Structures are given as structure tokens and as C-alpha cells.
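Q: next input, structure requested:
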Amino acid sequence: MVLTSTQIEMLVAYRDKAYVSNILCDECYYYNNMRKNLINIPLIVCSSIMTIFNSSSFDADTMRIPNILLNSLTTLILALIGNFKFVEKQNNFHNNGLKFNRLCHKIEDTLTHNIEDITLEKLREYIEEYDTLNENLEFPYNQSIKEKIRKRYLGKKILPNALNCVGEFSIRTGDIPSDDSRSVSVSV
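A: Numbers count the residues shown, from 1 in each chain. You can find the predicted model right below:
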């Protein structure tokens with residue numbers, strides 16, 4: 001059974017959503033990578049200073065307070081890294097970004113080479129795969145990244161649901177008897 005034009009449009013929309021979701025995951029991956037690297041710099045510095053202090057022949061009483069401070073700072077930094085889960089966020093966004101990219105390419109291949117052979121069942125499989133990838137995202141997208149990506153692709157691509165209510169949006173309503181517009185602008 002050949003897909004209808006509406007179903008083909010739906011397939012194109014899911015290709016766009018997978019593409020934009022891939023970009024969104026990549027941006028969040030780079031953002032968390034930068035944050036992890038920034039917080040690792042003081043950890044490296046503290047560890048290096050502690051190594052110098054501990055391997056030198058300084059007076060033990062003189063080094064007690066600096067050693068306690070450096071150990072405390074190192075422990076605090078390690079706790080922050082563990083609490084903010086930078087590595088886990090990086091891995092989750094990176095892996096899901098790759099999977100969104102793979103899905104986008106599969107849909108593009110189907111649209112380019114096999115559009116006559118695609119069935120409604122295959123369309124449903126693509127939608128299910130897209131939904132599963134969204135469910136596998138363990139962490140929320142960063143709000144500033146969502147706004148940036150939304151501005152970049154609004155009107156150019158079909159946006160994933162995560163970007164549809166970023167910033168201002170309109171609620172269409174028939175209850176407002178206005179001559180100019182039948183929508184209300186709401187800021188989120």
C-alpha cells in the first residue's frame with residue numbers, strides 16, 4: 001500500500017524532528033563537556049599542588065593547614081562533579097544524538113530511494129523509534145540551548161515537541177471577540 005501525501009508529510013516531519021533533536025543533543029553534549037572541563041581545571045591544579053607539597057621536604061606543621069584546605073577543596077570539587085552528573089549527561093546526550101542522526105539518515109534514505117515501497121507499518125516503526133529515543137533521554141535539555149536551536153530552525157524545520165513551547169507562543173481561542181486577532185500571547 002502506497003502512503004498518502006499526508007503520511008509522506010508526516011515522514012518528512014519526523015525526519016526534521018530527528019535532525020533537530022540530533023542538533024539539540026549535540027549542543028547539550030558540548031555544553032556539559034565544557035562545564036565538566038571547567039570544573040576539572042581546579043581539580044587538576046589542587047592535585048598538582050598537593051603532589052608538590054607532599055613530595056617536598058616542607059615542615060609538617062607548616063603544611064597541615066594548606067594540606068587540609070587542598071584536600072577539602074578536592075573533595076568538594078569531586079562531590080560537585082558527581083552531583084551534577086556531567087559525565088552521565090555527556091554520554092546520554094552523545095549516544096542519543098548519534099541515534100537521532102541514524103534515524104534521520106534512515107528516513108532520508110527511505111524518502112530518497114524507497115518511497116514507493118514504504119508501508120504504513122514502516123512509518124509507524126519510525127515514529128516508535130523516535131518516541132523511544134525521546135524516552136531514553138535521561139536529562140532535560142538546557143533552556144538556553146533550546147531557545148537558540150528553536151530560533152535557528154523555527155520556520156525551516158518541523159521542531160520536536162521539546163522546542164514547541166519555548167519562549168512565547170500563542171493559544172488560539174474562540175472566546176475572545178477581538179477584531180485584530182483570535183490568539184493570546186503567553187510568555188513561558
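
Q: for this protein, longest helix please?
A: The helix that spans the most residues within the chain, counting by DSSP state H, is helix 5-55.

Q: and it, what other elements does it pack with?
A: helix 60-84, helix 86-113, helix 120-135, helix 143-153 (3 or more Cβ pairs under 8 Å, 6 or more residues apart in numbering; DSSP states H and E). (C-beta placed from N, C-alpha, C; glycine too.)

Q: mean pLDDT added to these, as a markdown table?
A: Shown next, in a markdown table, are the helices and strands packed on helix 5-55 (pLDDT from 0 to 100):
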| stretch | mean pLDDT |
| --- | --- |
| helix 60-84 | 87 |
| helix 86-113 | 96 |
| helix 120-135 | 95 |
| helix 143-153 | 95 |
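
Q: for residue 18, find the nearest of the ones you listed.
A: With Cβ to Cβ as the criterion, residue 18 lies closest to helix 86-113 of these, at 4.0 Å.

Q: now do the closest one against helix 120-135, angle only.
A: For helix 86-113 against helix 120-135, the angle by axes from the mean of the first three to the mean of the last three Cα atoms, to 10 degrees is 160 degrees.
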